[in-house]
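Participant: Structure, please.
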Amino acid sequence: MKLTSEGIRGGMGVSVVWNPPLNRYYAAVSGTGEKWLIIYNQQGKPIKKPYSLPFDPGSLWLEGSGKSLKSYASGMEGLYVIHLREGLPAYFENIFYSLHNPVAIGNGAWASHRREMWYYHDKTIFRYKTKHAHHRPSLNLNIDDFENELNSMGLIYTGIKNREIGIYDRGQHRILLYSAKTGRCRSILQIMDETGPKPICGDISYANGYYWLYDRETGIWHGYR
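Facilitator: Model (predicted):
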């Protein structure tokens, strides 16, 4: 499965989001230039021209039964709401300003079951409640069992019991799935497509049962199951 787009290259792939009622994918791309929101149909083809975002997205998730998207922006920009009308962006709203990402770059993951924003850095998951940006106790991951080159600042949240957290190992081209309760690796997803992207920082997401890796050179999200 691939999400393709024309002319969107060079930025960091932030998140892929699936909107079940409309059978659409939303994907955010950040970077030093334009910041984009791209909308795709179920087959992975863009249905509109990319939307320019007024903030630098650091995450993306669906809220309100598909009526809005939310994003923790990078740096001090805080929490944004992208209000949707018939599945398309209608207007943007900044809820509050605050710094959440511990390193101010990389992409975070929305832990939907806990309604928290999670970031990964230096073997640690940093957790934040979205309502008032309160910091929650961090979770240390046991990654010393692997000879790996981990994606330095990107993670996914799957919602799958005992395999909630995903970290990409670019050295072995695989995704390590960790328990949110124990911090130990419980499963390994080996990616057999050797020609696919091998992201170093960010460029990883999870949506609609697919594990997504973003190719900055082509602007294509590659989905694996």
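Participant: so where's this protein shaky on pLDDT?
Facilitator: By pLDDT under 70, the low-scoring segments of the chain are 32, 75-77, 97-106, 131-133, 145-148.
Participant: so where does Tyr119 fall, helix or strand?
Facilitator: strand 116-121 (DSSP states H and E).
Participant: Kindly export that strand (C-alpha atoms) in PDB.
Facilitator: These are the backbone C-alpha positions of strand 116-121, laid out as PDB (Å, rounded to 0.1, in the frame of the first residue of the first chain):
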ATOM      1  CA  GLU A 116      -2.000  11.300  25.900                       C
ATOM      2  CA  MET A 117       0.700  12.500  23.500                       C
ATOM      3  CA  TRP A 118       3.900  10.300  23.500                       C
ATOM      4  CA  TYR A 119       7.300  11.200  22.300                       C
ATOM      5  CA  TYR A 120      10.400   9.000  22.000                       C
ATOM      6  CA  HIS A 121      14.000  10.100  22.800                       C
END
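Participant: Next, the angle strand 116-121 makes with the following helix or strand past it.
Facilitator: Downstream of strand 116-121, the first helix or strand assigned by DSSP H and E is strand 124-129. Here strand 124-129 runs at 160 degrees with respect to strand 116-121, directions being taken by axes from the mean of the first three to the mean of the last three Cα atoms, to 10 degrees.
Participant: what does strand 124-129 rub up against?
Facilitator: 100-102, 111, 114-120, 134-141, 155, 165, 180, 183 (Cβ atoms under 8 Å, 6 or more residues apart in numbering). For the C-beta atoms, the positions are set from N, CA and C on the backbone; glycine is no exception.
Participant: can you pull the buried residues of that strand?
Facilitator: Using 16 or more other Cβ atoms under 10 Å as the test for burial, strand 124-129 gives 125-128.
Participant: could you dump these to JSON lines with distance to Pro20?
Facilitator: Formatted as JSON lines, these follow (distance: Cβ to Cβ, whole Å):
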{"residue": "Ile125", "distance to Pro20": "27"}
{"residue": "Phe126", "distance to Pro20": "29"}
{"residue": "Arg127", "distance to Pro20": "26"}
{"residue": "Tyr128", "distance to Pro20": "26"}
